[in-house]
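**Student:** Please find the sequence and the predicted model below.
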Amino acid sequence: MSFLNVLQNRYTTKKYDASKNISDVEINELKEILQLSPSSINSQPWRFDFVSGAQVKSELADVSFFNKEKVLNASHLVVFSAIDSIAFFEKQIEENLPEGAVGYYNQFLKNKSEEEVKAWMSHQVYIALGVFLSACATMRIDSTPMEGILPESYASILKLENHLPLFAVAIGYRDSEDANQPEKIGKSRLDRNAVVFSI
């Protein structure tokens, strides 16, 4: 199946089959895919937590607004967090990135406000989200990206330091009765000519 066909068939899953779990082999592959995700200057200002334990999933489900059932029934919940400490981030890049990348940060980003730098870091995490959703679809794993979470509560439950969750992605296998499947309701997108242009 081509990548175009993959995207034509992926959708945001609304109902999961709780009896089906993703294999450890595939979870490890998804972890490596996230590790390899691109980011500006290879900054990697992120953390990815794969949650499968029933107790922690239950706690996270309770602070996931209307996404509770998806969190509970999915095979795994993957929490995407951005670094939330400028000092922590600067130490990380100084220890791991080449001089040119650190120089770019120092010249173009360091003097911006804390809010602007954190927004830039968050943008990198969204790049990883795109990679992840595409990878899941290619592997025939269903997914549901969710911004409908309480970030501070997620951070407390996961005992995170220097990171703040931005969103989570439920992954697993759809319930055959999920009403949101493209086969049932079609694929809804704006007309290509309204969003894609040739200059």
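**Tutor:** All right, it came through fine.

**Student:** Run through the helices of the chain in chain order.
**Tutor:** For the chain, applying DSSP state H gives helices covering 3-9, 24-35, 54-61, 68-73, 86-96, 99-108, 114-138, 151-157, 182-185, 192-195.

**Student:** Dump those to CSV, plus mean neighbour count and distance to P45.
**Tutor:** All C-beta atoms are positioned from the backbone trio N, CA, C, and that covers glycine. Listed next are those as CSV, based on neighbours: other CB atoms under 10 Å; distance: least, CB to CB, whole Å:
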stretch, mean neighbour count, distance to P45
helix 3-9, 12, 27
helix 24-35, 14, 13
helix 54-61, 16, 22
helix 68-73, 19, 25
helix 86-96, 14, 6
helix 99-108, 13, 10
helix 114-138, 17, 4
helix 151-157, 17, 15
helix 182-185, 10, 34
helix 192-195, 8, 29
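
**Student:** what's the nearest residue to E29 if we skip its chain neighbours?
**Tutor:** M139 (7.3 Å; CB to CB, 6 or more residues apart in numbering).

**Student:** residues near the one you found, how many?
**Tutor:** M139 has 15 neighbours, counted by other CB atoms under 10 Å.

**Student:** Also the one 5 residues further on?
**Tutor:** The local packing of T144 (other CB under 10 Å) involves 23 other residues.

**Student:** measure the residue lying closest to it once chain neighbours are set aside to Y104 for me?
**Tutor:** Excluding the flanking residues, the one nearest T144 by CB to CB, 6+ apart is A170, at 4.3 Å. Distance of A170 to Y104, given as CB to CB, to the nearest Å: 35 Å.

**Student:** Thanks a lot, see you next time.
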